[in-house]
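*Asks:* What shape does this take:
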Amino acid sequence: MPSKNRNRTDYFFLFLKGLAMGAANKVPGVSGGIVAFVGGFYEEFIYSLQKFNAKALKLVIYKPWKRFLEYINALFLGALILGTTVSYFSVSKLLDLLIVHYELYVWAWFFCMIIGSIYYMLKDFSFEQKRNYLFLVIGILCGLAISFLEPATENDNLLFVFVCGIISVSGMTLPGLSGSFILILIGNYVLLLVDSVNALFDTLVNISQLDFSFLQDKVRMRLLQVLAMFTLGSVVGLISLSHLLGYVLKNFKIQTYAVIIGFITGSLGVVWPWKKTVYETSISGEIVLDTNGKPIIDFYQRYLPNLNDSETWWAVFYIILGISLLLLLDKYRSNSKKHA
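*Replies:* Reported below is the predicted structural model:
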C-alpha cells in the first residue's frame, strides 16, 4: 500500500533505490525485483503499477490531473523511474569499461549476485508440500537446458525489439528473474542495454553542444529507433506483467517461486566467471563481423579456474565480497522490519 507520510528525504532515498534497480536490471542474472524486495517497497511497487487500469483512464479524461497522479502513486513511481533512468546511462558506460578491462571480475560479481538472488528466494519458499519439489525440479531442468544454449544472433527488427522490451522488465516485477539474462540468450543484450543506450547518451551530449551531425549518421539513428521501440515495449510489459503477476502470485505464489528458484539455479552456468568467448570465423580463419562491425559470438568455452593464477583468487574474493554485502543487506532488511 502507498505511504502518504513521505518527505523529501524519503523520495531522495527512493531515487537511490531506483539507481540500484536500474543497475540490477542491467546486470545479467540479477533482478531489479530483488532490490525492491530487499528495499522493502516491492508490494507498493506492484500495487502502484496495477493502478494503470480503466479507472486511471477515466480519471485522465474526466477528473483533474491531481486526482489521477494520487491514484497511480505518481511521486513514488516517479522517484524510482528517474533513478532507474539515470542508472541506465551511467551503468551502461561503466559496464563497457569494466568488461573490456576486468571481464573475469565482472562475471565473478554477476555470479555472486545470482547466488544472492537464490538465497533471497529460498527464504520465502516452503517445502511443506511435496509437489513444490516438482516445480523446483522443472525450473532447474529449464535453467540447465538454457545454460547449454549459445547466444542467438543479434536482431534489430523493431517488432522483435518491442518483444525484447516486454521481456527486459520481467526482472523488475519478478524477484530473481533477470530480464537482461534472457536478453543475452536471445542475442540482444549488447544492442539494447549497451549500444542503444550509449547512442542516446552520445546524442544528448551532441545536442548540448549544438552539434546535430548525428542526424546524418545512419547507425546512430537506427540505434535511436531501436531504443525508442525497446522503451515502448518495456512500458507495455511493465504494466501488463504487473497485472499478470498480481494474479499469479495471489493464486500460485509458491509454485511460481519454486519454478523461478529452480530456473535461476539451473542457469548459473550462463554467468560462470571462467569462460572464454569464441567468435565465429570464416574459412580463412578471420573473425566474422555483423552488420554493425561487431564480432559474432559463436559460443562460450567454460573452464575450471587455475588455482595458481592470482586473477582466480581475486575473482573468488569478489564473489565472497558480493555475497557478504548481500547478507548485510538482508540483515539490514530484517532489522528494519523489527523496528517498523
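
*Asks:* so how far is residue 170 from residue 233?
*Replies:* Separation of residue 233 from residue 170 (C-beta to C-beta, to the nearest Å): 12 Å. Quick note: C-beta positions are derived from backbone N, CA and C, even for glycine.

*Asks:* what's the answer for residue 206, then?
*Replies:* 33 Å.

*Asks:* higher neighbour count, these two?
*Replies:* For the pair residue 206 and residue 170, the greater number of neighbours falls to residue 170 (22 against 16), based on other C-beta atoms under 10 Å.

*Asks:* For the stretch 1-150 of the chain, give me the ranges with low pLDDT.
*Replies:* Scanning the stretch 1-150 of the chain for pLDDT under 70 picks out the ranges 1-5, 27-30, 38, 92-93, 95-96, 124-127, 146-147, 149-150.

*Asks:* And the helices in it?
*Replies:* In the stretch 1-150 of the chain, the helices defined using DSSP state H, counting those that start in this stretch lie at 8-26, 32-39, 42-49, 54-62, 65-71, 74-101, 103-123, 131-147.

*Asks:* And for the shortest one, what's in contact with it?
*Replies:* Taking C-beta atoms under 8 Å, 6 or more residues apart in numbering as the criterion, the residues outside helix 65-71 that touch it are 51, 55-56, 59-60, 74-75.

*Asks:* Please export the C-alpha coordinates of that helix as CSV.
*Replies:* Output in CSV follows, covering the C-alpha atoms of helix 65-71 (Å, rounded to 0.1, in the frame of the first residue of the first chain):
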residue,chain,number,x,y,z
TRP,A,65,-4.8,15.5,-13.1
LYS,A,66,-4.0,15.8,-9.4
ARG,A,67,-6.6,13.1,-8.7
PHE,A,68,-5.0,10.8,-11.3
LEU,A,69,-1.5,11.4,-10.0
GLU,A,70,-2.6,10.5,-6.5
TYR,A,71,-4.4,7.4,-7.7
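
*Asks:* that older thread, which members of the contacts of helix 65-71 are classed as buried?
*Replies:* 51, 59, 74 (16 or more other C-beta atoms under 10 Å).

*Asks:* coming back round to it: nearest to residue 238, of the contacts of helix 65-71?
*Replies:* Ranked by distance to residue 238 (C-beta to C-beta), the contacts of helix 65-71 are led by residue 51 at 12.4 Å.

*Asks:* What backbone torsions are found at that closest one?
*Replies:* Backbone torsions of residue 51, given as degrees, to the nearest 10, read phi -80, psi -10.

*Asks:* try residue 129
*Replies:* When read as degrees, to the nearest 10, the backbone of residue 129 gives phi -100, psi 130.

*Asks:* quick one, what contacts it?
*Replies:* residue 254.

*Asks:* Look up how far residue 250 lies from it.
*Replies:* Going from residue 129 to residue 250 by C-beta to C-beta gives 17 Å.

*Asks:* now swap in residue 101 and tell me
*Replies:* Counting by C-beta to C-beta - residue 101 and residue 250 are separated by 46 Å.

*Asks:* now do residue 26
*Replies:* Distance from residue 26 to residue 250, by C-beta to C-beta: 30 Å.

*Asks:* Also residue 82?
*Replies:* Residue 82 is 30 Å from residue 250, by C-beta to C-beta.

*Asks:* and what of residue 261?
*Replies:* On the measure of C-beta to C-beta, residue 261 and residue 250 end up 19 Å apart.

*Asks:* Mind checking which of the two has more residues around it?
*Replies:* Legend: neighbour count by other C-beta under 10 Å for residue 261 and residue 250, higher for residue 261 (25 against 8).

*Asks:* element containing that one, please.
*Replies:* Element membership for residue 261, per DSSP states H and E: helix 218-266.

*Asks:* for the record, mean pLDDT for that helix?
*Replies:* In this model, helix 218-266 has a mean pLDDT of 84.

*Asks:* count of residues packed around residue 91?
*Replies:* Neighbours of residue 91 using other C-beta under 10 Å come to 21.

*Asks:* mind listing what it touches?
*Replies:* Counting by C-beta under 8 Å, 6+ apart, the residues that residue 91 touches are 22-23, 26.
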